[in-house]
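Asks: need coordinates for the following:
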Amino acid sequence: MNEVLLAVIAGFFVGVLFSAIKLPIPAPPVLTGVMGIVGVYLGGQFYHWLIERFFS
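Replies: Numbers count the residues shown, from 1 in each chain. The predicted structure follows:
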């Protein structure tokens, strides 16, 4: 949980900094970016489940 909080705080400050110097936010559009991250996470979890289920 501590890592999640630190990531949110760091992201917040990066967003403020980029907005202050009038640069585009270094992230994809909100929903598609979040869904891409969720997809990557689910793919990794599926891989580990597959390996444990069929190859151990």
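Asks: please make it C-alpha for all contacts and neighbour counts, starting now.
Replies: OK.
Asks: buried set for the helix or strand containing Leu6?
Replies: For Leu6, the enclosing helix or strand under DSSP states H and E is helix 2-20. Residues Gly15 are the ones in helix 2-20 that count as buried (16 or more other C-alpha atoms under 10 Å).
Asks: chain center to that helix, what's the gap?
Replies: Centre-to-centre, helix 2-20 and its host chain are 12 Å apart (C-alpha atoms, centre = their mean, to the nearest Å).
Asks: ok, the residue most central in space within the chain - contacts?
Replies: Residue closest to the average C-alpha location in the chain (C-alpha atoms, centre = their mean): Ile37, at 4.9 Å. Ile37 makes contact with no residue, according to C-alpha atoms under 8 Å, 6 or more residues apart in numbering.
Asks: look up how far Ala10 lies from it.
Replies: According to C-alpha to C-alpha, to the nearest Å, Ile37 stands 17 Å off from Ala10.
Asks: related to what we said a few turns ago, now the helix holding Leu6: average pLDDT?
Replies: What helix 2-20 shows for mean pLDDT is 89.
Asks: and the next helix or strand past that helix?
Replies: The helix or strand immediately downstream of helix 2-20 is helix 30-55, counting by DSSP H and E.
Asks: which positions within that next one qualify as buried?
Replies: Buried residues in helix 30-55, counted by 16+ other C-alpha under 10 Å: none are found.
Asks: for stretch 19-29, same thing?
Replies: For stretch 19-29, burial by neighbour count (16+ other C-alpha under 10 Å) applies to no residue.
Asks: the nearest residue to Pro24 once chain neighbours are set aside and Met1: what is the separation?
Replies: Nearest residue to Pro24, sequence neighbours excluded (C-alpha to C-alpha, 6 or more residues apart in numbering): Phe18, at 6.7 Å. Relative to Met1, Phe18 is positioned 26 Å away (C-alpha to C-alpha).
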